[in-house]
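Asker: generate coordinates for the sequence data below:
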Amino acid sequence: LKIDVPVRFIIEPKLDGLAVELVYRQGVFVLGSTRGDGLVGENITAQLRTVPSIPLRLHAHDHGGVPEELVARGEVFLSKKGFLALNRQRIAVGEPPFANPRNAAAGSLRQLDPRITAQRPLGFFVYGADHSAMPGVHSQEALLAELLRLGFPVNDLVKVCAGVEQVELEYQLLLEMRRNLDYEIDGMVVKV
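Answerer: Model (predicted):
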């Protein structure tokens, strides 16, 4: 296999939370689900509406409006600080503490009452979308830039790497900073 263009990589921390899919029609958030088995997930739209960093309406911008329909994917997570505070609250009222932030985030989104979900300090980062709804977007870097312009939060540790050596260096740097991050990660995602 011969590749005529230089290969670029995008790296990002793999957050330890719950993967979700968000559907927007004419710029309005209409449906949210868990990843489920990869084909069918749980409808958790009402719970996802309570996560402050998930946009309920996309931002139009100078060079275009919003896609007619957009399906975005990302990770809902609980910060380490939020996890400790939530467990303190649970212990104070006689409830068992969550084992880890991932279980706490997943349990928060699976609450039947979205008011309970709204009380949990959940965060969200987008990491992908069906780019066919966005003409002119032909790379992961351009996709993330467009999603940021539309109002989605993008993790600030996402980086473009020119080669495998830089990917390996960034992996070592991420390992060093891992314990100082305010959220749990369970690795690094590398995309071509």
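Asker: which SS class is G94?
Answerer: Recorded secondary structure, G94: coil (DSSP: H, G, I helix; E, B strand; the rest coil).
Asker: likewise for the one 5 residues further on?
Answerer: Taken by three-state DSSP, the conformation at A99 corresponds to coil.
Asker: kindly report the same for E168.
Answerer: Here E168 is recorded as helix under three-state DSSP.
Asker: can you give me how far the strand ranked longest in the chain is from the chain middle?
Answerer: Ranked by number of residues, the top strand in the chain under DSSP state E is strand 69-78. The chain centroid and the centroid of strand 69-78 are separated by 5 Å under CA atoms, centre = their mean, to the nearest Å.
Asker: what residue ranges in the chain score low on pLDDT?
Answerer: Filtered on pLDDT under 70, the chain yields the residue ranges 1-3, 62-64.
Asker: returning to what we had before: so what does the longest strand of the chain touch, helix or strand wise?
Answerer: Contacts defined by 3 or more CB pairs under 8 Å, 6 or more residues apart in numbering; DSSP states H and E place strand 69-78 against strand 18-25, helix 101-109, strand 122-129. Any C-beta I mention is one placed from the backbone N, CA and C, and that applies to glycine too.
Asker: which one of those lies nearest to N180?
Answerer: Ranking those by proximity to N180 (CB to CB) places helix 101-109 first, at 15.3 Å.
Asker: buried stuff in the closest one?
Answerer: For helix 101-109, the neighbour count (16 or more other CB atoms under 10 Å) marks 101-102, 104-109 as buried.
Asker: and stretch 36-49, by the same measure?
Answerer: Buried residues in stretch 36-49, counted by 16+ other CB under 10 Å: 44, 47-48.
Asker: any chance of JSON lines for those, columns secondary structure and distance to E69?
Answerer: As requested, those are exported to JSON lines (DSSP: H, G, I helix; E, B strand; the rest coil; distance: CB to CB, whole Å):
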{"residue": "I44", "secondary structure": "coil", "distance to E69": "19"}
{"residue": "Q47", "secondary structure": "helix", "distance to E69": "22"}
{"residue": "L48", "secondary structure": "helix", "distance to E69": "17"}
